[in-house]
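In: What follows is a predicted structure for the sequence shown.
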Amino acid sequence: TPGYGNSPPAETVATVQGRVAFLDRVLQELGIWRPVLVSPSMSGRFALPFLLVRGDRLSGFVPIAPARTKDYAAEQYRQVQTPTLILYGDRDTSLGPQALQNLRHLPRHRVAVVPDAGHACYMDKPEPFHRALLSFLHQLH
């Protein structure tokens, strides 16, 4: 994510519109059409606005306790028709439940809770995480 880790801050992603355009450009440059967007934690800053504006470009969406879910209204989520797997670890007591509370308004969602896993459930319990993810991916095709 631009501006995080060792990457320099980028003026182009300072706004919501800039982040949507950035992700759109990345997908175009890579020649990827209708991907499944997997969005853990801070990547929600990019993935959520992209989902709301360009959800038709996605085959599926997998939010993993993403940040910023409360920035959008239930009515905005209700407009999205992208198949979604809401994933989080049962020991994630902050972002996991908050994301579920907001994202449950997505009309085409399923929920998978990874047992005995924290916020980074894909690292804590990779096998059950991947089973849930693969099951969702198989259902899309």
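Out: That came through fine.

In: Need the per-residue pLDDT for Gln98.
Out: Looking at Gln98, its pLDDT is 92.

In: which secondary structure elements does the helix or strand that contains it contact?
Out: Using DSSP states H and E, Gln98 sits in helix 95-103. Secondary-structure packing of helix 95-103 (3 or more Cβ pairs under 8 Å, 6 or more residues apart in numbering; DSSP states H and E): helix 74-78, strand 84-89. For glycine as for every other residue, the C-beta is placed from the backbone atoms N, C-alpha and C.

In: how about a cut-off of 7 Å?
Out: Taking 3 or more Cβ pairs under 7 Å, 6 or more residues apart in numbering; DSSP states H and E as contact, the helices and strands that helix 95-103 lies on are strand 84-89.

In: partners of the strand it packs on, with directions?
Out: Counting by DSSP bridges, the strands paired with strand 84-89 are strand 60-64 (parallel), strand 109-114 (parallel).

In: most neighbours per residue, which of these?
Out: strand 60-64 (a mean of 25; mean count of other Cβ atoms under 10 Å).

In: what inclination does it have with respect to helix 95-103?
Out: 140 degrees (axes from the mean of the first three to the mean of the last three Cα atoms, to 10 degrees).

In: just to revisit the earlier point, ok now the helix holding Gln98, how far from the chain's centre?
Out: Centroid separation between helix 95-103 and its chain, computed with Cα atoms, centre = their mean, to the nearest Å, is 11 Å.

In: just the helices in this structure please.
Out: Here the chain has its helices, by DSSP state H, at 16-30, 44-54, 74-78, 95-103, 121-124, 126-140.
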